[in-house]
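Novice: pasting the structure only:
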Ligand code: ADP
Ligand code: MG
Ligand code: MG
């Protein structure tokens, strides 16, 4: 599904990613761990097409297409979803309207008819039920005054609504209490279907206790320096990241 080869990325003249390689197949869950500043968010933002990151070398193909040649909207249309580390607040715009607009934008890209307000109401109700979420989030302004847990719920609801093939979650571990962690993990688990792939970016191993990843990768200084299974996450929890630096 996703193939990243020798990815080099800079921002404001800083080289951040320096030859990153990663292969992800349909249905797989990959955790990306690593110390602060190692480039995890840069990887996520680059895949989503955020403009401040310049790709200076390397290739990324997604479902056989050159991902880096696509505008951010086209990437979303193709099925790449990024849950932001810091969700935006949009006062005056109801969450319901925001989600309907986002869903119809990707439907248009995919050559599907737009959902009118009645069809969308049914559609989103189904997603809310799938995720066992409260419906009152829909009537409120996007993320305004949401608690940490509500913001995470909203991220997951948006993810479910856009029906992506590849979900990228870039977590603020420090901000997540155990309830928010469980919301995110429960959402991810209910959207796992053997086809959809996930990249779970995390600084701590905690969330991986709830989302069993197929692979765990350690990003350090802009490259993946070690890959393994869930036991690698456990080892990092016990030993930190220092021993990896010593190995290089
Ligand atoms: P992580 O998510 O692993 O903590 P980031 O990808 O956020 O790491 O950052 C990696 C490095 O790149 C850091 O040194 C950070 O300061 C730098 N960096 C990230 N984004 C930018 C940017 N937009 N402009 C300049 N430097 C950046
Ligand atoms: Mg960071
Ligand atoms: Mg980060």
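Specialist: All right, it came through fine. These numbers were taken from a predicted model, which means no experiment stands behind them. Numbering: from 1, shown residues only. Ligands and ions are numbered 1, 2, ... in the order given.
Novice: Would you mind giving the secondary structure of the nearest residue to residue 12 once chain neighbours are set aside?
Specialist: Excluding its sequence neighbours, the residue lying closest to residue 12 (Cβ to Cβ, 6 or more residues apart in numbering) is residue 52, at 7.6 Å. For glycine as for every other residue, the C-beta is placed from the backbone atoms N, C-alpha and C. What DSSP: H, G, I helix; E, B strand; the rest coil gives for residue 52 is coil.
Novice: I am assuming residue 52 contacts residue 13, so please confirm or correct that.
Specialist: No. In this structure residue 52 lies outside contact range of residue 13 using Cβ atoms under 8 Å: 11.6 Å.
Novice: pLDDT score assigned to residue 248?
Specialist: Looking at residue 248, its pLDDT stands at 53.
Novice: so how many other residues sit close to residue 89?
Specialist: As a burial measure, residue 89 scores 13 neighbours (other Cβ atoms under 10 Å).
Novice: Would you check how far apart it and ligand 3 are?
Specialist: 20 Å (Cβ to the ion, to the nearest Å).
Novice: how about that residue, what does it touch?
Specialist: Residues near residue 89 by Cβ atoms under 8 Å, 6 or more residues apart in numbering: 141-144.
Novice: Residue 49 now?
Specialist: 70-72, 75.
Novice: returning to that earlier point: could you work out the most separated pair of the contacts of residue 89?
Specialist: Using Cβ to Cβ, the two most remote members of the contacts of residue 89 are 141 and 143, lying 7.5 Å apart.
Novice: Now for these two: what residues contact both?
Specialist: By Cβ under 8 Å, 6+ apart, the residues touching both residue 141 and residue 143 are 89-90, 95.
Novice: Mind checking which of the residues you listed are in strands?
Specialist: Using DSSP state E, the subset of the shared contacts of residue 141 and residue 143 located in strands is residue 90.
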